[in-house]
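Participant: sequence first, then the predicted structure:
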Amino acid sequence: MSATRKGLAVRLGGWSTRHRKTAIIGWLLFVVVVAVVGGMSGSRQMTNSENSSGDSARAEKILEDAGLQTPAGEMVMLRSDRPDGWRDAARDLSARLERTGETVRVQPPVRSENGREALISFEMKGDPDTAGKRVGPVVEAVEKTASAHRGVVAYEFGDATAQRRLDDMLTDDFKKAELTAVPLALGILLVVFGALVAALLPVLLAVTACVGTFGLLALVSHQLPLFDSTNSVMFLVGLAVGVDYSLFYLRRERDERAAGRDAGTALRIAAATSGRAVLISGVTVMLAMAGMFLSGLMLFHGFAVATILVVLMAMLGSVTVLPAMLSWLGDRVDAGRVPLLNRRRKKGVHASGGLSGRLMRPVLAKPKLFAAVSGALLLVLCAPAVGMKTEQLGLEKQFGSDAAITVAYQEITGSFPGGPAPAEVVLRSGEVGSARFDAAVADFRKELAAAGRFGKTVDVEAHRTKGVARIEVPLAGDGQDATSRHALDTLKEDLVPRILGPVSDQVYVTGELASSRDFNDQLKTDIAPVFLFIAAVTFVLMLLCFRSLPIAIVSILLNLLSVGAAYGTMTAVFQHGWGAEWLGMEPAGAIEGWMPLFVLVILFGLSMDYHVFVVSRIREAHGRGLATRDAIREGIRTTAGSVTGAAAIMVAVFAVFALLRMQDMQQMGVGLAVAVLVDATLVRMVLLPSVMALLGERNWYLPRALRWLPNVSHGEEPVERPRPPLVGAGR
């Protein structure tokens, strides 16, 4: 027992059980204080330049340095049932917009080629970041104009209306996620433990960890501004990981009590085994998340901080507050038992692992067959990822085709190509406002018109005193198609450097399409160092934990297969549309740009939950003297209940996010849910045991040059039980 007592998890658990009030009340006070202080301080969102990369970021930085915020632009298209039938409505609308007091630079209507449509552009006054909160009177003015003129239909699209819609959707979706995911997790835990109190403990710890992290993130955001979706991502990861960690710990303690251990011994064993696995898994997850700091995009820095903080909170709560609660509750943790759920065997041991035990017989009897079949199935799931296309999805794709704002975008684009998503040329020059500069701009307009790849409404905004100019250039096409991309290439590679370059000190092209391209280019640069970092971290930690070169290598390969399955599923559903209608989802034709790198890091971290937990049990059994195949059988059987419950919770939480309305949340939810389901079933229950069975005693091979590594206890000493009969054991 001495080796066990020296473990960090045992020391933390021992301190918590001896100082129960301090541990429990201290945790609650900390959560409340940081949540209140964080809420009072507010949070800071990323600026346009911080949320961009490449030339797009440089263009936005020029505007920010000059104190020129990109105003929230809006446009309204009026369509009449006859040519020029919109003119009275256009005059009425312009007057109504002026009277709102929220608009500036209301432009004269631009007539479409067939004469039935007119486009009126304008800007919102004041801070563009708050325009969505002030656009209500403008929307009302557009609606009243359309109602007052028979035969005229109005379509409005712009930064403010999109922001308003996005804010409403994020608020509603986040409430839906909270109100759905938490009861789902509680219901699954109720099935796992069969008792209300035992089911409530992991959920309460996970929720308090998330609440505390909300406060910490608000404070951190003043040094590292955050992306809109960061809190949603943090809640998703925190709830899933927090519940899982507590589940592993609590399940082991309950199993030991059911086996006849006294309360103190059961807690020490749980700390020495599951507590230790939680610490290893938590550290692995946090180090994997730290790989996002290697990205050149601030978006991922925020994701890294959010996920590291919530995993740290969940891990600390699981190895300190949970033991204190279990020590205080004792066997009252089984209070509120539900009849017929989690019945105990006559011998007093939890009935678990029956199905997995039956599954292990054929898997261990024919490991080559099962390794080949499961590996082939995983490769099939990975296959669609070969053609993955990524882009920064515009708001019209985020909202879905039925949303009013998406319909408006498509209608406006159809009649006025490039209008809703123009390219933007930003330049800094000491010649702004000079005759030479004005002549260059005039030439630029002529070349745009002659090229035939750009829209009519080229808007030039020059700030002579600041030496900065901004030129909006509508691109032909729908803003993302081949026509738009070709127009952007012409703009960036020919027209801008040839005509505006000679009169500019700095000149860059930004806009929705240009920004998406720059973002993707940065991601292509980022993904290799991030992958190498998390692969190296996983390899080193598995080597230190299990003193086994084969297990360290297998860990990385299995994780890659889980990630590939997630990529393949996302590509199949959201890019190609396979099964999207059946799932009640709408394909966007591409994967959100930040998703592949994020999913890679998250899954490499989260898959360690099951991997460390399962392999620790196998290593523990082998350390007690069982042959490798018998150790595999016992390790899989004894962890099956916990892994199934933990996986069910993660899949349920991720599935809730897949049912939200935002396209990127749907993609993340589906990808992670499928990956966790595949990881906890096909990978951990079939491929892992079959590969380990094929390796046999070579699983524990450690090169002579690495035998100086510390021999870490896996809880072998305190878990001595009579060995089961070795039926068909392979040695």
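Facilitator: Nice, I can see it.

Participant: for this protein, which element, helix or strand, carries the lowest mean pLDDT?
Facilitator: Within the chain, no helix or strand scores below helix 2-5, which has a mean of 38 by mean pLDDT, DSSP states H and E.

Participant: show me what contacts V425?
Facilitator: Contacts for V425 (Cβ atoms under 8 Å, 6 or more residues apart in numbering) come out as R470, I471, E472, V473, L491, V496, L500, V507, Y508, V509. The way it works is simple: take the backbone N, C-alpha and C, and place the C-beta from them, glycine included.

Participant: which one of the residues you listed is nearest to N51?
Facilitator: Y508 (15.6 Å; Cβ to Cβ).

Participant: tell me how far stretch 431-441 lies from the chain's centre.
Facilitator: 46 Å (Cα atoms, centre = their mean, to the nearest Å).

Participant: please, where are all the helices along the stretch 601-731 of the chain?
Facilitator: Using DSSP state H, counting those that start in this stretch, the helices of the stretch 601-731 of the chain run over 628-658, 663-678, 688-695.

Participant: helices or strands up against the longest one?
Facilitator: For helix 628-658, the helices and strands in contact under the criterion 3 or more Cβ pairs under 8 Å, 6 or more residues apart in numbering; DSSP states H and E are helix 159-193, helix 230-258, helix 354-365, helix 595-623, helix 663-678, helix 688-695.

Participant: now the last one: average pLDDT?
Facilitator: Helix 688-695 carries an average pLDDT of 93.

Participant: likewise the second one?
Facilitator: Predicted confidence along helix 230-258 averages 86 (mean pLDDT).

Participant: C-terminal to it, what's the next element?
Facilitator: helix 263-270 (DSSP states H and E).

Participant: quick check: buried residues in that next one?
Facilitator: Using 16 or more other Cβ atoms under 10 Å as the burial criterion, the residues of helix 263-270 that qualify are A263, A266, L267, R268, I269, A270.

Participant: distance to M313 and pLDDT for the residues you listed - can I get that in TSV?
Facilitator: Converted to TSV, the buried residues of helix 263-270 look like this (distance: Cβ to Cβ, whole Å; pLDDT from 0 to 100):
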residue	distance to M313	pLDDT
A263	27	85
A266	25	88
L267	22	89
R268	24	89
I269	25	88
A270	20	87
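
Participant: quick one on the thing from earlier: by mean pLDDT, show me the worst of the helices of the stretch 601-731 of the chain.
Facilitator: Across those, helix 628-658 has the smallest mean pLDDT, namely a mean of 85.

Participant: next, the angle from that one to helix 230-258.
Facilitator: Taking axes from the mean of the first three to the mean of the last three Cα atoms, to 10 degrees, helix 628-658 and helix 230-258 form an angle of 140 degrees between their directions.

Participant: give me the below-cutoff pLDDT ranges for this structure.
Facilitator: Counting by pLDDT under 70, the chain has low-confidence residues at 1-6, 340-357, 418-419, 711-731.

Participant: find the centremost residue of it, please.
Facilitator: V233 (4.8 Å; Cα atoms, centre = their mean).

Participant: quick one: that residue and L309 touch, right?
Facilitator: No: taking contacts as Cβ atoms under 8 Å, V233 lies outside contact range of L309: 11.8 Å.

Participant: before we move on, back to that, pipe the helices and strands packed on helix 628-658 into JSON lines and attach distance to R91 per row.
Facilitator: JSON lines is the format used below for the helices and strands packed on helix 628-658 (distance: least, Cβ to Cβ, whole Å):
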{"stretch": "helix 159-193", "distance to R91": "22"}
{"stretch": "helix 230-258", "distance to R91": "44"}
{"stretch": "helix 354-365", "distance to R91": "73"}
{"stretch": "helix 595-623", "distance to R91": "46"}
{"stretch": "helix 663-678", "distance to R91": "38"}
{"stretch": "helix 688-695", "distance to R91": "72"}
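
Participant: for G635, which of those is the nearest?
Facilitator: Comparing the helices and strands packed on helix 628-658 under Cβ to Cβ, the one sitting nearest is helix 595-623, at 3.3 Å.

Participant: run the chain-centre distance for the closest one.
Facilitator: Relative to its chain's centre, helix 595-623 lies at 18 Å (Cα atoms, centre = their mean).

Participant: likewise stretch 389-405?
Facilitator: So, by Cα atoms, centre = their mean, the centroid of stretch 389-405 is 17 Å from its chain's centroid.

Participant: for it, buried residues please.
Facilitator: Residues of stretch 389-405 classed as buried: 390-400, 403, 405 (neighbour count, 16+ other Cβ under 10 Å).

Participant: and V507, how far is that from D55?
Facilitator: As judged by Cβ to Cβ, to the nearest Å, V507 and D55 stand 9 Å apart.

Participant: so which of these two has more stuff around it?
Facilitator: Shown here are V507 and D55; by other Cβ atoms under 10 Å, V507 has more neighbours (23 against 20).

Participant: now do the contacts for that one.
Facilitator: Counting by Cβ under 8 Å, 6+ apart, V507 touches V425, V426, L427, R428, S429, V496, P497, L500, G501.

Participant: rerun that using 6 Å as the cut-off
Facilitator: L427, V496, L500 (Cβ atoms under 6 Å, 6 or more residues apart in numbering).

Participant: and the first one, backbone torsions?
Facilitator: What that stands for is L427. With angles defined as degrees, to the nearest 10, L427 sits at phi -140, psi 150.

Participant: around R485, how many other residues sit close by?
Facilitator: Residues lying near R485 (other Cβ under 10 Å) number 16.

Participant: just give the nearest non-adjacent residue to G589, would you?
Facilitator: Take G589 and drop its neighbours on the chain: the residue closest to it by Cβ to Cβ, 6 or more residues apart in numbering is Q575, 6.2 Å away.

Participant: do you know how far the one you found is from M286?
Facilitator: From Q575 to M286 the distance is 31 Å (Cβ to Cβ).

Participant: again, but for E98
Facilitator: As judged by Cβ to Cβ, E98 and M286 stand 55 Å apart.

Participant: higher neighbour count, the two?
Facilitator: Each of E98 and M286 had its neighbours counted (other Cβ under 10 Å), and the higher figure belongs to M286 (19 against 14).

Participant: isn't the more buried one up against I308?
Facilitator: Yes: counting by Cβ atoms under 6 Å, M286 touches I308, with 4.8 Å between them.
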